[in-house]
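[1] just coords:
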């Protein structure tokens with residue numbers, strides 16, 4: 001059938017507020033602007049694709065150290 005596949009990535013380059021905090025100099029007393037900036041960076045990378053699957057769906061994942069991936073599959077009618 002047809003499926004919508006949503007992939008989320010969280011790692012030091014995507015969605016890590018801590019790593020972004022380090023990049024801005026590790027401020028101890030952050031301004032409201034800095035806090036809002038880090039909140040905006042604390043979201044995983046997301047990608048969406050639509051596929052037609054006949055029997056099996058195979059995927060090879062490379063997950064970096066201190067990272068994770070989540071894959072959701074939704075049946076499209």
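    Looks like it arrived, so ask away. On a predicted model such as this, the values are computed, not experimentally measured, just so you know.

[2] Report the secondary structure element holding residue 18.
    helix 17-23 (DSSP states H and E).

[3] chain center to the helix or strand that comes right after that helix, what's the gap?
    Remark: after helix 17-23, the chain's next helix or strand is helix 32-41, criterion DSSP H and E. Its chain's C-alpha centre and that of helix 32-41 lie 17 Å apart, by Cα atoms, centre = their mean, to the nearest Å.

[4] Surely residue 64 and residue 11 touch.
    Yes: with contact defined as Cβ atoms under 8 Å, residue 64 reaches residue 11; the gap is 5.0 Å. (Glycine included, C-beta is placed from N, CA and C.)

[5] if you count what's nearby, which of the two comes out ahead?
    residue 11 (17 against 12; other Cβ atoms under 10 Å).

[6] And the nearest residue to residue 11 once chain neighbours are set aside, how close does it get to residue 37?
    Closest residue to residue 11 apart from its sequence neighbours, by Cβ to Cβ, 6 or more residues apart in numbering: residue 67 at 3.2 Å. Noted for residue 67: a distance of 22 Å to residue 37, by Cβ to Cβ, to the nearest Å.

[7] do the same with residue 74
    For residue 74, the distance to residue 37 - Cβ to Cβ - is 32 Å.

[8] Tell me which of those two has more neighbours.
    Between residue 74 and residue 37, counted using other Cβ under 10 Å, the more crowded position is residue 37 (16 against 12).

[9] How about the contacts made by that one?
    By Cβ atoms under 8 Å, 6 or more residues apart in numbering, the contact list for residue 37 reads 20, 24.

[10] Flag every buried residue along stretch 66-77.
    Neighbour counts over stretch 66-77 (16 or more other Cβ atoms under 10 Å) mark 67, 69 as buried.

[11] Residue 76 against residue 48, yeah?
    No: with contact defined as Cβ under 8 Å, residue 76 does not count as touching residue 48 (11.4 Å).

[12] Name the residues contacting each of these two.
    residue 4.

[13] where are the low-confidence patches of the protein?
    For the chain, no stretch has pLDDT under 70.

[14] helix/strand/coil for residue 62?
    coil (DSSP: H, G, I helix; E, B strand; the rest coil).
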